[in-house]
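Enquirer: coordinates for the following, if possible.
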Amino acid sequence: MPAPAIQVDHLWKKFRRGELEDSLRDLLPNLLKRAVGFQPRKRVDEFWAIKDVSFEVQPGQSLGIIGPNGAGKSTMLKLLSRIIRPTRGQYHVHGRLSALIEVGAGFHQDLTGRENIYLNGAILGMKRREIKAKEEAIVEFAGVRDFMGTPVKRYSSGMKARLGFAVAAHMDPEILLVDEVLSVGDARFRDKCVRHMHQLLNSGITVVFISHILDQVRSLCPNTLVLNQGQAMFHGPTGEAIRTYLDVLDAANTRPGEHVHGPAELRNIRFADADGREILEWDAGEPGIVEMDLVMHEAFETPSVQINFNTIGGQYLATADVRAMGFEIPARSGTYHLRYVFDPMPLNAGDYMLEFKIYGGPEFECQWVAPQPRTLSIRGADIGGVLQCKGAWEVAEAAPALMAKAS
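Expert: Down below sits the predicted model:
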């Protein structure tokens, strides 16, 4: 078995919070003040950004790293790319490594886009002949050909990001570290970036990928590491990793919700199959049921329950609203059992988030929001996209006159 492309062994990294001075100009007068007793020495707090993390990535494989803000994800990539050194532990990287950590960071604002291709490429470790050989491919990928002779200070932020990613994406590493750079540009360009990453993976490059866009992590990485407060919470299949990550967010999120203690609330939310059995996953194309109890603590006008459907990455998909769909809930106190039935389930295989809200009152405003969304998994063959298209195709031979006209 070949040696791992990346091997991380009990890695720790400590930082200081509240450094005293960051320049000689500040240091000298402060030393004098402390010497004569006018300025007490401030306490410097230390914290561990990475705590005893270990993992391996085999050659040609991809590993996702996810976690909440401040979990240590970017610190890990900076350690692997040798920008910073670990406090304890060790790691080994076997192969030529490149990092896409901040695209366009080396651009000179007064140089043209074409000149910055060479400058940025050199900063990323490419030789001039390599850049020259890939120049046209970079320009084509970035989609800013008409502006290559324009100084980048006149570029929009999206144009700069697209050009920066195009340069970085055309390097030839054996190991690629990617930190939150597939969110640049518009939706079409982001899709192009993801397709390019798939091509790199198919060519045998080892990838470590950080992103808050969970759909991208699922698409690119079969295995994922979940970090929280510097510690490894899970390392394994990406589907399970995403569920672990959402559990971490649930535990960390102390927001009580919007009007949690309002006039009504939902309890006993559950997912069931067509026979009413509680399940954690639905089958794509099969019936599915959402059940819940609406507790009306006090009466208010036009009560309605709303379920918002989102992708695991937070993209809004659709809403199922009781009132908007022509149904009524009694405007009086009491407990009511609600069921929403999908038949068939219109969503493709994947993980989704369901948000639950209660609306009503004279202005039909929000009365209650579930403190956390519920995660729903759908099983089945992943045929791409989000929705299952259930329409019927018709195929018939065209009339000879129409075929002649078309030709």
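
Enquirer: next, count neighbours for residue 166.
Expert: Counted with other C-beta atoms under 10 Å, residues neighbouring residue 166 total 28. In this view, the C-beta of every residue, glycine as well, is placed from N, C-alpha and C.

Enquirer: excluding covalently adjacent residues, which one is nearest to it?
Expert: Distance criterion C-beta to C-beta, 6 or more residues apart in numbering; nearest residue to residue 166, sequence neighbours excluded, is residue 142 at 3.8 Å.

Enquirer: so how far is residue 149 from the one you found?
Expert: 14 Å (C-beta to C-beta, to the nearest Å).

Enquirer: mutual contacts of those two, please.
Expert: The contact sets of residue 142 and residue 149 overlap at residue 113 (C-beta atoms under 8 Å, 6 or more residues apart in numbering).

Enquirer: who has more neighbours out of those two?
Expert: Each of residue 142 and residue 149 has its neighbours counted (other C-beta under 10 Å); residue 142 has more, 26 against 10.

Enquirer: hmm, that one is touching residue 162, no?
Expert: Yes: between residue 142 and residue 162 a contact is recorded at 4.8 Å, counting by C-beta atoms under 8 Å.

Enquirer: where do the contact lists of the two overlap?
Expert: Residues touching both residue 142 and residue 162 (C-beta under 8 Å, 6+ apart): none.

Enquirer: check which residues of stretch 74-88 are buried.
Expert: For stretch 74-88, burial by neighbour count (16 or more other C-beta atoms under 10 Å) applies to 74, 75, 76, 77, 78, 79, 80, 81, 86.

Enquirer: who's in contact with the residue nearest to residue 166?
Expert: Residue 142 makes contact with 113, 159, 162, 163, 165, 166 under the criterion C-beta under 8 Å, 6+ apart.

Enquirer: among these, which lie within strands?
Expert: Among these, no member falls in strands (DSSP state E).

Enquirer: just the ones in helices from the residues you listed, please.
Expert: Cross-referencing the contacts of residue 142 against helices under DSSP state H gives 113, 159, 162, 163, 165, 166.

Enquirer: dump these into TSV; add distance to residue 242 as well.
Expert: Converted to TSV, those look like this (distance: C-beta to C-beta, whole Å):
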residue	distance to residue 242
113	37
159	32
162	28
163	32
165	25
166	29
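
Enquirer: of those residues - the most surrounded one?
Expert: Ranked by neighbour count (other C-beta under 10 Å), the ones in helices among the contacts of residue 142 have residue 163 at the top, with 30 neighbours.

Enquirer: which helix or strand contains residue 122?
Expert: Residue 122 is part of helix 113-123, with elements assigned from DSSP states H and E.

Enquirer: same for that helix, what does it pack against?
Expert: helix 128-142, helix 157-169 (3 or more C-beta pairs under 8 Å, 6 or more residues apart in numbering; DSSP states H and E).

Enquirer: for residue 159, what are its contacts?
Expert: Taking C-beta under 8 Å, 6+ apart, one finds 142, 144, 147, 152 in contact with residue 159.

Enquirer: got it, and residue 13?
Expert: Applying C-beta under 8 Å, 6+ apart to residue 13 gives the contacts 48, 49, 50, 72, 75, 79, 84, 86, 87, 230.

Enquirer: gap between it and residue 76?
Expert: Distance, residue 13 to residue 76, using C-beta to C-beta: 8 Å.

Enquirer: kindly report the same for residue 352.
Expert: On the measure of C-beta to C-beta, residue 352 and residue 76 end up 28 Å apart.

Enquirer: helices along the stretch 201-350 of the chain, start to end?
Expert: 214-220, 238-252 (DSSP state H, counting those that start in this stretch).

Enquirer: low-confidence stretches in the stretch 201-350 of the chain?
Expert: For the stretch 201-350 of the chain, applying pLDDT under 70 flags the ranges 250-261, 280.

Enquirer: determine which stretch of the helices and strands packed on helix 113-123 is the most buried.
Expert: Highest mean neighbour count among the helices and strands packed on helix 113-123 (mean count of other C-beta atoms under 10 Å): helix 157-169, with a mean of 23.

Enquirer: between helix 113-123 and that helix, find me the angle.
Expert: Orientation check (axes from the mean of the first three to the mean of the last three C-alpha atoms, to 10 degrees): helix 157-169 against helix 113-123 gives 40 degrees.

Enquirer: paired strands for the helix or strand that helix 157-169 is followed by, with orientation please.
Expert: The element immediately downstream of helix 157-169 (helix or strand, assigned by DSSP H and E) is strand 175-179. Partners of strand 175-179 in the sheet, by DSSP bridges, are strand 97-100 (parallel), strand 206-210 (parallel).

Enquirer: most neighbours per residue, which of the helices of the stretch 201-350 of the chain?
Expert: helix 214-220 (a mean of 21).

Enquirer: for that helix, packing partners?
Expert: Judged by 3+ C-beta pairs under 8 Å, 6+ apart, the packing partners of helix 214-220 are strand 62-66, helix 187-202, strand 206-210, helix 238-252, strand 350-360.
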